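**Q** sequence-free structure coming up:
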Ligand code: ATP
């Protein structure tokens with residue numbers, strides 16, 4: 001579904017990604033793991049077309065989208081969930097869900113969103129500011145699904161959340177996958193990652209240095225956590 005070949009990215013003279021190549025098949029959940037500053041966020045932003053200083057190619061559904069604007073990438077079915085979640089604080093949950101225009105090829109109805117995220121239905125009249133971190137994360141995910149994304153680019157959805165809420169996010173990701181949505185996920189909690197994802201890539205200094213399956217991540221969990229400084 002997604003194929004990245006030789007992707008490099010710069011901030012001025014400083015190179016943040018170095019010749020990154022990877023693919024994500026339809027229906028998979030694939031994680032990006034790496035220390036702070038390894039280039040994970042830059043990779044997701046580059047895929048969405050939000051980071052301009054890049055070279056290399058990005059193919060989505062057999063189309064070269066490397067030169068397309070973020071808007072056109074969203075129309076093709078890419079959806080970005082930023083780490084700050086991007087919730088409109090003064091708007092209600094329902095307004096947050098319904099305000100962004102449907103762009104992608106498989107939009108979810110509000111009813112379907114509320115079936116998958118019953119907590120958001122309960123809170124639909126609440127302003128964004130009154131939501132817990134976990135609820136905000138659910139809203140950010142739900143909003144991108146509602147706009148029609150087929151491939152979610154999620155920047156560390158579990159960051160700063162309690163173990164119980166992390167578990168809930170895991171259940172949601174599994175439901176999202178079961179609904180036929182593909183996910184490329186930044187995730188530092190490798191224990192959690194091995195329970196929700198299919199494959200994992202470790203980034204260091206802008207390069208993919210290792211690719212692992214769940215068994216390998218489980219076997220090396222403590223070594224990876226130590227390396228990541230968690
Ligand atoms: P984190 O988890 O801390 O966000 P990351 O793996 O997502 O880390 P990036 O945020 O992609 O890493 O950063 C990759 C490199 O690019 C780092 O060296 C960082 O300092 C640099 N960088 C990121 N954003 C900018 C920016 N706006 N201007 C200059 N350099 C930047």
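**A** In hand now; what should we look at? What you see is a predicted model; the values in this text were computed from it and never measured. Residues are numbered from 1 along each chain as shown.
**Q** all contacts plus neighbour counts: C-alpha atoms, from now on.
**A** Will do.
**Q** residues touching residue 6, list them.
**A** 18-21, 55-57 (Cα atoms under 8 Å, 6 or more residues apart in numbering).
**Q** now, which of the residues you listed sits nearest the ligand?
**A** Minimum distance to the ligand across those is 10.7 Å, recorded for residue 18 (Cα to the nearest ligand atom).
**Q** sec struct for that closest one, please.
**A** strand (DSSP: H, G, I helix; E, B strand; the rest coil).
**Q** Was I right to think it contacts residue 38?
**A** No: counting by Cα atoms under 8 Å, residue 18 does not reach residue 38; the two are 10.5 Å apart.
**Q** hang on, the earlier thing: greatest separation within the contacts of residue 6: which pair is it?
**A** 18 and 57 (12.7 Å; Cα to Cα).
**Q** joint contacts of the two?
**A** 6-7.
**Q** Got the confidence number for residue 133?
**A** Looking at residue 133, its pLDDT stands at 89.
**Q** give me phi/psi at it?
**A** The phi/psi pair for residue 133 (degrees, to the nearest 10) reads phi -60, psi -40.
**Q** That one: neighbour count?
**A** 18 (other Cα atoms under 10 Å).
**Q** Next, the contact list for it, please.
**A** Per Cα under 8 Å, 6+ apart, neighbours of residue 133: 160-161.
**Q** if I look at it, how far off is the ligand?
**A** 18 Å (Cα to the nearest ligand atom, to the nearest Å).
**Q** Alongside the ligand, which residues does the protein contribute?
**A** Within reach of the ligand by Cα under 6 Å from any ligand atom, the chain has these residues: 11, 16, 34-42.
**Q** Go again with 8 Å.
**A** 10-12, 14-17, 33-43, 203, 205-206 (Cα under 8 Å from any ligand atom).
**Q** What subset of the residues you listed is buried?
**A** Burial by neighbour count, 16 or more other Cα atoms under 10 Å: within the residues of the chain next to the ligand this picks out 10, 16-17, 33-35, 38-43, 203, 205-206.
**Q** where does the residue nearest to the spatial centre of the chain land in three-state SS?
**A** Of all residues in the chain, the one closest to the mean position by Cα atoms, centre = their mean is residue 154, 1.2 Å from it. Following three-state DSSP, the label given to residue 154 is strand.
**Q** Surely it and residue 186 touch.
**A** Yes: the criterion here is Cα under 8 Å, and residue 154 meets it with residue 186 at 6.2 Å.
**Q** And the furthest pair within the buried ones among the residues of the chain next to the ligand?
**A** Across these (Cα to Cα), the longest gap, 19.8 Å, separates 10 and 33.
**Q** where along this protein do the strands fall?
**A** 2-11, 14-24, 29-33, 54-60, 63-64, 78-81, 151-155, 182-186, 199-204, 207-213 (DSSP state E).
**Q** could these be laid out in JSON lines, adding mean pLDDT?
**A** Shown next, in JSON lines, are the strands of the chain (pLDDT from 0 to 100):
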{"stretch": "strand 2-11", "mean pLDDT": "98"}
{"stretch": "strand 14-24", "mean pLDDT": "98"}
{"stretch": "strand 29-33", "mean pLDDT": "98"}
{"stretch": "strand 54-60", "mean pLDDT": "97"}
{"stretch": "strand 63-64", "mean pLDDT": "98"}
{"stretch": "strand 78-81", "mean pLDDT": "96"}
{"stretch": "strand 151-155", "mean pLDDT": "97"}
{"stretch": "strand 182-186", "mean pLDDT": "97"}
{"stretch": "strand 199-204", "mean pLDDT": "97"}
{"stretch": "strand 207-213", "mean pLDDT": "97"}
